[in-house]
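S.K.: everything below, folded, please.
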Amino acid sequence: MEIATVRRTLNHTLTELQRAIDRYAVAVAADLYALAWQQAAGAPPSETREQRAQLKDLKEMLGSRRWQEEERRQAAAAPPPSVPSQARPVSAAPRVLPDAARAGEPVVRSPRRKPSSSPAPRRSSVPPVPVSVPTPVPAPAPSPVGTPVVKARTPRRQEPALLETGQLWEIATELRPLLEQTARAGATVTWPQIHKRLPGLPRLHADDQCVLLWLVDEDGRKGEPLLSALVTVGDRQMHPRFPAVAEQLGWAAPAGTRPDTAWSYEVLKVHQHWRHRR
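M.R.: The predicted model follows:
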């Protein structure tokens, strides 16, 4: 889809979303908000910067206390879901009396037979077959050499599922200001620290982390140093996936330079670029 078509469709969705928010149409607004992020993913980040900023402002409105109260009120006023009617129990068919009873004549019923006492069982003339009881086998003596103890392995933590494209673009829009603030402070940040500063951020797959960092730098101006270099591991060490993300953005370490040395220089450029920017 062409960029102009994406922007035109996205602007129309934003207009409908604003109308739904003005009417406090909770369900409609939620659907339009998710649709808008899916449409924004159809163009490069630099082409939808204005629309994504508008979506970020609308998200604050959708997360306000007044909106949440209205959401609870509409949920309480909604009619309960219809419960399927239970099948009626099938009644037994009426007993049909004989013709004599229908004519008023007494019905002669046969007397019940009394249970007769069961005769004593006869003894069989076949002699019983002897049953052989297996002789218990003594357990073998323990070996003098100790057997190694096998410890149960702790199951690895399951990787989270991959997020949809619209969700990644939404998270990247919130992540970029955080990295810009980190650059102004002349610091670096790890993914656990990012999760603390963005409480609503879900657990991310490693591939989604790379996509987010790519989107953050793709949203920057041409020639800007890479903000993704600020995401580190351990004690300010280069993230092992930074070279792959940077390569997709056209960055490459100078010839004869170690990757970690080139990364340190990129971090320095990021700090200098954002030091006096607001």
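
S.K.: what's the distance between the residue nearest in space to the middle of the chain and residue 167?
M.R.: Centroid-nearest residue in the chain: residue 161, 6.0 Å away (criterion: CA atoms, centre = their mean). Going from residue 161 to residue 167 by CB to CB, to the nearest Å gives 11 Å. C-beta: built from backbone N, CA, C; applies to glycine.

S.K.: again with residue 75
M.R.: 23 Å.

S.K.: residue 240 in helix, strand or coil?
M.R.: coil (DSSP: H, G, I helix; E, B strand; the rest coil).

S.K.: look up how far residue 277 lies from it.
M.R.: Per CB to CB, residue 240 is found 29 Å from residue 277.

S.K.: what does residue 217 give?
M.R.: 16 Å.

S.K.: and for residue 158?
M.R.: Per CB to CB, residue 158 is found 41 Å from residue 277.

S.K.: equivalent analysis for residue 207, please.
M.R.: To residue 277, residue 207 is 31 Å away according to CB to CB.

S.K.: neighbour count: the two, which is higher?
M.R.: The residue with more neighbours, out of residue 207 and residue 277, is residue 207; 12 against 8, by other CB atoms under 10 Å.

S.K.: pretty sure the more buried one contacts residue 162?
M.R.: Yes: the pair residue 207 / residue 162 is scored as a contact, 6.6 Å apart, by CB atoms under 8 Å.

S.K.: ok, back up a step: so what's the residue nearest to the centre of the chain up against?
M.R.: Residue 161 is in contact with residue 205, counting by CB atoms under 8 Å, 6 or more residues apart in numbering.

S.K.: at 10 Å instead, please
M.R.: By CB atoms under 10 Å, 6 or more residues apart in numbering, the residues touching residue 161 are 202, 203, 205, 208.

S.K.: what's the answer for residue 191, then?
M.R.: Residues near residue 191 by CB under 10 Å, 6+ apart: 201, 203, 204, 206, 209, 212, 231, 232, 233, 239.

S.K.: tell me where the model's unsure across the stretch 1-150 of the chain.
M.R.: The model of the stretch 1-150 of the chain has pLDDT under 70 over residues 1, 81-150.

S.K.: do a quick rundown of the helices in this protein.
M.R.: 3-22, 26-40, 49-62, 65-77, 99-102, 165-184, 191-197, 206-218, 242-248, 259-274 (DSSP state H).

S.K.: got CSV for those helices, with distance to residue 225 too?
M.R.: Converted to CSV, those look like this (distance: least, CB to CB, whole Å):
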stretch, distance to residue 225
helix 3-22, 26
helix 26-40, 25
helix 49-62, 19
helix 65-77, 38
helix 99-102, 103
helix 165-184, 9
helix 191-197, 19
helix 206-218, 9
helix 242-248, 10
helix 259-274, 4
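
S.K.: residue 227 is nearest to which of these?
M.R.: Across these, residue 227 has its closest neighbour in helix 165-184 (4.2 Å, CB to CB).

S.K.: and that closest one with helix 206-218, angle?
M.R.: 60 degrees (axes from the mean of the first three to the mean of the last three CA atoms, to 10 degrees).

S.K.: pLDDT on stretch 211-223, on average?
M.R.: For stretch 211-223, mean pLDDT rounds to 92.

S.K.: report the buried residues of that stretch.
M.R.: Across stretch 211-223, burial judged by 16 or more other CB atoms under 10 Å covers 211, 212, 213, 214, 215, 216, 217, 219, 220.

S.K.: can you give me the end-to-end span of stretch 187-205?
M.R.: End-to-end distance of stretch 187-205 (CA to CA, to the nearest Å): 24 Å.
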